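Visitor: kindly generate the corresponding structure for this input.
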Amino acid sequence: MNTISSYVFRQALGPLLAILGALAAVAILTQGLNQLDIIITNRRASLAFVWVTLLALPQLLSLILPIAVFVAVIYALNRMRNDSEIAVLFGAGVSSGRISRPIIQLAVMAAVAHLAINVVVQPWSFKERRETLYELRTDIASSIVQEGAFTYPTEDLTLYARERGGGGELRDMLINDSRPEYPVTYTARAGAIVTIDGAPAIVMRDGQIQRQIADGSVDVLEFSRHVLQLDAGSFDQSDVFVLKASDRTLYELFFPDMTSHYDQVNVERFLSEAHARMSAPLLNIALAMIALNCMLMGEFSRRGYGRRIMIASASALVLRLAALILPAASIEQPELNVVQYALPLAVILVTWIRMTGPITRKRRRAIGPSALAEA
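Guide: Next up, the predicted model:
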């Protein structure tokens, strides 16, 4: 890479990193607020909250990287235009293709990084994130039982704990179990909710069992340790852990387990997700080409290039939105999966022809010296 190419590359790389950092920070903050309920209901979740937020970063980078490339290229070339640097380069005989080359190299590097994120990093981070969230949300002692309040995991079960201690300990417990024919009331100085053989259970210490018997009297039994086994469905865990399309590797998306009912009914969704991951990196190159067409084509203007930038921005926005809509549409119409590749490739081809065609070369040779003179 020669001096001119290195200079243009640096002019675009700096804004790209700054824009990525700013957009990622905003996106992480938004993502963190979505999980704020976990912090409120779970005292031990602070580190997990940070971990979950960091695990969302690959997905956020995948979403914002193409737009960041577009904005960075527009910013860098517009600054060079306003400082007459591009006019000087044209006047010195430097072609638009030579100026475009480092920008395209940067876009290709972004596309490769984007592909690595989509294929390798994002599936792992999604799976790890959902497992962490699942563990936090199914931490019954922290998420369900609230200090000083009655909770009702089911219609037949009432729990109360005066306070929570360290390690998930519940103090001064009161439990009313109406599942048997005659209700049973438990009181205990301390206890904890654990998982035994895959089902939740309450282990109580130093308490009493009060059970009504057939003649209407109450039988009282004291204990030093007692285990109350609960049904697996006693606590509402509607967010059942399954590997969704976003959690799966590319191989698992293209070759799902057809013995699984969930996989059988989501084959089209898996294919759409797989093609979206493979085609999305092309957007980095397509949007960079739109930016190059905006800033390197057309006549020199002392009034600036606001109108031209607005048109390019609208085109980039339409392309990005279309790329976000197509995967959802491809679930219902799998034949649209090919459009996920065709759309950015068509944009790249059209913009490339427009920049390198014979008419463009003649125009560039004609306006090069005049542009320098006007500058």
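Visitor: could you use CA atoms for every contact and neighbour count after this?
Guide: Fine.
Visitor: any buried residues in the helix or strand harbouring residue 69, and which?
Guide: According to DSSP states H and E, residue 69 maps onto helix 57-82. Across helix 57-82, burial judged by 16 or more other C-alpha atoms under 10 Å covers 57-78, 80-82.
Visitor: that one: what's the following helix or strand?
Guide: helix 85-91.
Visitor: in the very next helix or strand once past that following helix, what counts as buried?
Guide: Using DSSP H and E, the next helix or strand after helix 85-91 towards the C-terminus is helix 96-116. Applying a neighbour-count criterion of 16+ other C-alpha under 10 Å, one finds 96-97, 99-100, 102-104, 106-108, 110-111, 114-116 buried in helix 96-116.
Visitor: skipping adjacent residues, who's closest to residue 248 in space?
Guide: With sequence-adjacent residues excluded and distances taken as C-alpha to C-alpha, 6 or more residues apart in numbering, residue 248 is closest to residue 123, at 5.4 Å.
Visitor: the one you found and residue 55, how far apart?
Guide: 10 Å (C-alpha to C-alpha, to the nearest Å).
Visitor: for the stretch 151-300 of the chain, which spans come out with low pLDDT?
Guide: Filtered on pLDDT under 70, the stretch 151-300 of the chain yields the residue ranges 166-168, 197-199, 231-242, 298-300.
Visitor: could you redo the last one with a cut-off of 80?
Guide: 152-155, 164-168, 181, 193-200, 214-216, 229-244, 246-247, 297-300 (pLDDT under 80).
Visitor: all helices of it, in order?
Guide: In the stretch 151-300 of the chain, the helices defined using DSSP state H, counting those that start in this stretch lie at 250-254, 261-265, 267-279, 282-296.
Visitor: tell me what the last one is packed against?
Guide: In this structure, helix 282-296 makes packing contacts with helix 57-82, helix 96-116, helix 306-332, helix 337-356, judged by 3 or more C-alpha pairs under 8 Å, 6 or more residues apart in numbering; DSSP states H and E.
Visitor: quick one: closest of these to residue 288.
Guide: Among the helices and strands packed on helix 282-296, the nearest to residue 288 by C-alpha to C-alpha is helix 57-82 (5.2 Å).
Visitor: that older thread, ok, the residue nearest to residue 248 touching residue 252?
Guide: No - the criterion here is C-alpha atoms under 8 Å, and residue 123 misses it with residue 252 at 10.3 Å.
Visitor: ok, the two, which is more surrounded?
Guide: residue 123 (21 against 15; other C-alpha atoms under 10 Å).
Visitor: give the contact list for the more buried one.
Guide: Each residue near residue 123 by C-alpha atoms under 8 Å, 6 or more residues apart in numbering is listed here: 246-249.
Visitor: kindly reformat those as CSV containing neighbour count and distance to residue 8.
Guide: Shown next, in CSV, are the contacts of residue 123 (neighbours: other C-alpha atoms under 10 Å; distance: C-alpha to C-alpha, whole Å):
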residue, neighbour count, distance to residue 8
246, 21, 37
247, 19, 38
248, 22, 39
249, 19, 37
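Visitor: list just the nearest of those to residue 206.
Guide: residue 247 (44.8 Å).
Visitor: shouldn't that closest one be in contact with residue 126?
Guide: Yes - contact status for residue 247 versus residue 126: in contact at 5.0 Å, counting by C-alpha under 8 Å.
Visitor: the helix holding residue 69 packs against which elements?
Guide: Here helix 57-82 touches helix 3-34, helix 85-91, helix 96-116, helix 122-137, helix 282-296, helix 306-332, going by 3+ C-alpha pairs under 8 Å, 6+ apart.
Visitor: that one: how far from the chain's middle?
Guide: The chain centroid and the centroid of helix 57-82 are separated by 19 Å under C-alpha atoms, centre = their mean, to the nearest Å.
Visitor: that helix versus helix 96-116: what angle between them?
Guide: 170 degrees (axes from the mean of the first three to the mean of the last three C-alpha atoms, to 10 degrees).
Visitor: average pLDDT for helix 57-82?
Guide: For helix 57-82, mean pLDDT rounds to 89.
Visitor: one more: stretch 340-360?
Guide: 85.
Visitor: can you list the residues that contact that stretch?
Guide: The contact list for stretch 340-360 (C-alpha under 8 Å, 6+ apart) reads 96-97, 275-276, 279-280, 282-283, 285-286, 289-290, 293, 297, 319, 323, 326-327.
Visitor: what's the burial count for the closest residue to residue 286 other than its chain neighbours?
Guide: Leaving out its chain neighbours, the residue that sits closest to residue 286 by C-alpha to C-alpha, 6+ apart is residue 348, at 5.0 Å. For residue 348, the neighbour count with other C-alpha under 10 Å is 20.
Visitor: go on, residue 20?
Guide: So residue 20, with other C-alpha under 10 Å, has 20 neighbours.
Visitor: pLDDT value on it, please?
Guide: At residue 20 the predicted local confidence, pLDDT, stands at 87.
Visitor: quick check: it touching residue 65?
Guide: Yes - between residue 20 and residue 65 there is a contact under C-alpha under 8 Å: 6.9 Å.
Visitor: what residue of the protein is the furthest out?
Guide: Here the chain reaches farthest from its C-alpha mean at residue 215, the gap being 61.2 Å by C-alpha atoms, centre = their mean.
Visitor: need phi/psi at that one.
Guide: Dihedral pair for residue 215: phi -80, psi 0, per degrees, to the nearest 10.
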